[in-house]
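Peer 1: Below: sequence and its predicted model.
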Amino acid sequence: MAEAERIIGTPDTPEAAGAEPEQGEGARPRGRRRIAVLFVVAAFAYTLDLVSKLLVVAKLEHHAPIEVFGDWLEFHAIRNPGAAFGFGAAFTVIFTMIAAAVIVVIARLARKLYSLPWAIALGLLLGGALGNLTDRIFRSPGIFQGEVVDFIAPKGFAVFNLADSAIVCGGILIVLLSFRGLDPDGTVHKD
């Protein structure tokens, strides 16, 4: 059993995954694409983020923070016009364009997606990007300048939301998959 298969449960070759063998140079493995998994994960992450933000705006905004674990973790509603840690508040439009570009790149990459772990990772990124992009488009102060609703406030750390969590988890998974040599098309390269 190959090292990558042992670690992430993905076969070393497309043939071992039930795919047809490659036909000549440049051919892509044939097999079950994982596009449906990508979109189910993205829809789940997006829905959780959207529902949580609707609840936060309705029940928590303009109220005192809710202590979850003493002062170690609170739910505290804030509006963030910038990126992580509140940086770049003047660049909201640029962050909106970056999120839109990420969505386009993931949609293009989905065409050659045969790896289940990559489908999950890209689904998390897509759902998170859509969640924050929705805020940037539809929340005040205006279209493409909207402020993102953040509410998870660990002690001594930045306030974030579920979309941010999905993006970070998807990014970490992509780094691990790349480190292990697994490509989105299901092949494993050994560098």
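Peer 2: Looks like it came in fine. For clarity, every value in this text was computed on a predicted model and none was experimentally measured.
Peer 1: What are the buried residues along the helix or strand containing D135?
Peer 2: According to DSSP states H and E, D135 maps onto helix 116-138. Within helix 116-138, the residues that qualify as buried are 116-136, counting by 16 or more other CB atoms under 10 Å. The way it works is simple: take the backbone N, C-alpha and C, and place the C-beta from them, glycine included.
Peer 1: Backbone dihedrals for V188, please?
Peer 2: The phi/psi pair for V188 (degrees, to the nearest 10) reads phi -120, psi 130.
Peer 1: tally of neighbours for it?
Peer 2: A count of nearby residues for V188, using other CB atoms under 10 Å, gives 19.
Peer 1: switch to numbering from 37
Peer 2: Renumbered: residue one is now 37, and that last one reads V224.
Peer 1: partner residues bridging it?
Peer 2: Going by DSSP bridges, V224 is paired in beta bridges with L218.
Peer 1: is it true that it touches S214?
Peer 2: No. Counting by CB atoms under 8 Å, V224 sits too far from S214 to count as a contact (11.3 Å).
Peer 1: The chain: helices as residue ranges?
Peer 2: Defined through DSSP state H, the helices belonging to the chain, from first to last, are 39-44, 71-95, 128-145, 152-174, 198-216.
Peer 1: measure the most centrally placed residue in the chain to I102 for me?
Peer 2: With distances taken as CA atoms, centre = their mean, the residue of the chain nearest its centroid is L161 (1.8 Å). Using CB to CB, to the nearest Å, one obtains 29 Å as the distance from L161 to I102.
Peer 1: Low-confidence regions, the protein specifically.
Peer 2: Per-residue confidence for the chain (pLDDT under 70) gives these ranges: 37-67, 119-128, 227.
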